[in-house]
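Student: Generate a structure from the sequence data that follows.
(one chain, ligands or ions: 1)
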Amino acid sequence: MAQFFNSIGRSMGRGPNTRQPHPNQIPKRSPVLPASSSAPSFNSASDQNQNEIYSEPASPNPAAQPKPLYLCNPFVKAALVKGNFKTIVAQPRYCDLNEWVAVNIYDFYTNLNMFYGILAESCTPSNCRTMSAGPTLDYTWIDSSRKQVKLPAPTYIDYVMSWVQQTLDNGKDFPTKIGVEFQHNFPTIAKQIYRQLLRVFAHIYHGHFTHLLHLSAEGHFNSLFAHFLAFGKQYDLLDHKDIKGRVGEAVGVGDLWEKWKEMGILEA
Ligand SMILES: [Zn+2]
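Tutor: Numbers count the residues shown, from 1 in each chain. Sure thing, here's the model as predicted:
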């Protein structure tokens, strides 16, 4: 297990701003993510952030699409961690729940950002004109005038990652100083971040899995994603519909989630 974390650069602490956007991905405007007024709770499955919605299907016949490589053997079972993640996601006995969620979100973000950094050369506005996550699914962004817009994937991802980095660093939402407590809406913020990171994972699997294969990184990435899913399920940070999508607008990695449950990598 230690080898897995060392190999993907996991850190147990939450540190200073480490995000270094690819030159092609400097945001042209600030991301807009509305705050939620819902009562936050880690045990609530309610949908608390609707800042993006699903767009219209791009193809009327998703069944005609070939099976994605990440669902095929041997790639679907490539992993650095054998077994499931039940132990590793368990809250340590003397660790505060918010702190445990915060440090794990920090690690997922850091590792995902690292993977995206090595894929960024292939994720360009011309290669990825939309934030695709399945044959018939493009995520859309709601801009400052509340209008749904399709963005190139690198732009969308840069907005997401910049927003997450700012949230981690503002000293308020992820407090790091002694005497500064987590705010009551921390679970809501955690879920908002989780939903957006899931979309980045989903785009990478859908649009860039062959690049991961060329780098022989599929085992690393699968283990990171399986850990992310297991942790999200354990602390109710994930909504089922975000993983599976809607009828005619399936999220590609929704099938991976099902497959890993069949294989015992994730809890059913
Ligand atoms: Zn891309």
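Student: so how far is stretch 91-110 from its chain's centroid?
Tutor: Taking C-alpha atoms, centre = their mean, to the nearest Å, one finds the center of stretch 91-110 at 16 Å from the center of the full chain.
Student: for this structure, what are the low-confidence residue spans?
Tutor: Along the chain, segments meeting pLDDT under 70 span 1-64.
Student: Could you list the buried residues of stretch 70-84?
Tutor: 70-71, 75-76, 78-81, 84 (16 or more other C-beta atoms under 10 Å). C-beta: built from backbone N, CA, C; applies to glycine.
Student: Mind checking which of those residues are in helices?
Tutor: Using DSSP state H, no member of these sits in helices.
Student: of all the residues in the stretch 1-150 of the chain, which ones are close to the ion?
Tutor: 123, 128 (C-beta under 5 Å from the ion).
Student: residue boundaries of the helices in the stretch 1-150 of the chain?
Tutor: Counting by DSSP state H, counting those that start in this stretch, one finds helices in the stretch 1-150 of the chain at the ranges 2-7, 86-89, 97-119.
Student: Turn these into TSV, columns for mean neighbour count.
Tutor: Shown next, in TSV, are the helices of the stretch 1-150 of the chain (neighbours: other C-beta atoms under 10 Å):
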stretch	mean neighbour count
helix 2-7	12
helix 86-89	14
helix 97-119	20
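Student: contacting residues for Ser122?
Tutor: By C-beta atoms under 8 Å, 6 or more residues apart in numbering, Ser122 lies in contact with 208, 211.
Student: Against Ile142, how distant is Leu80?
Tutor: 37 Å (C-beta to C-beta, to the nearest Å).
Student: Glu262 too?
Tutor: For Glu262, the distance to Ile142 - C-beta to C-beta - is 36 Å.
Student: between the two, who's got more neighbours?
Tutor: For Glu262 versus Ile142, neighbours defined as other C-beta atoms under 10 Å are more numerous around Ile142 (16 against 9).
Student: Going by distance to Pro175, which of the buried residues of stretch 70-84 wins?
Tutor: Using C-beta to C-beta, Val81 is the member of the buried residues of stretch 70-84 that sits closest to Pro175, with 30.3 Å.
Student: Strands of the stretch 101-250 of the chain, start to end?
Tutor: 131-134, 137-139, 141-142, 148-149, 245-246, 249-250 (DSSP state E, counting those that start in this stretch).
Student: roughly how far out does the first one sit from the chain middle?
Tutor: Pointing back at strand 131-134 there. Here strand 131-134 is found 13 Å from its chain centre; the criterion is C-alpha atoms, centre = their mean.
Student: Please name the strands paired to that strand in the sheet, noting orientation.
Tutor: strand 137-139 (antiparallel) (DSSP bridges).
Student: Spatially, what comes nearest to Gln148 if we skip its sequence neighbours?
Tutor: Leaving aside its sequence neighbours, Gln148 sits nearest to Thr140 (C-beta to C-beta, 6 or more residues apart in numbering; 4.4 Å).
Student: That neighbour contacts Arg146, correct?
Tutor: No: the criterion here is C-beta atoms under 8 Å, and Thr140 misses it with Arg146 at 12.0 Å.
Student: Comparing these two, which residue is more hemmed in?
Tutor: Counted by other C-beta under 10 Å, Thr140 and Arg146 do not tie: Thr140 has more neighbours, with 19 against 9.
Student: Can you tell me how far that one is from the ion?
Tutor: Per C-beta to the ion, to the nearest Å, Thr140 is found 16 Å from the ion.
Student: Quick one: residues contacting Ile118.
Tutor: By C-beta under 8 Å, 6+ apart, the contact set of Ile118 is 215, 217.
Student: Against Ala217, how distant is it?
Tutor: 8 Å.
Student: how close does Tyr205 sit to Phe186?
Tutor: Distance of Tyr205 to Phe186, given as C-beta to C-beta: 28 Å.
Student: No further questions, thank you.
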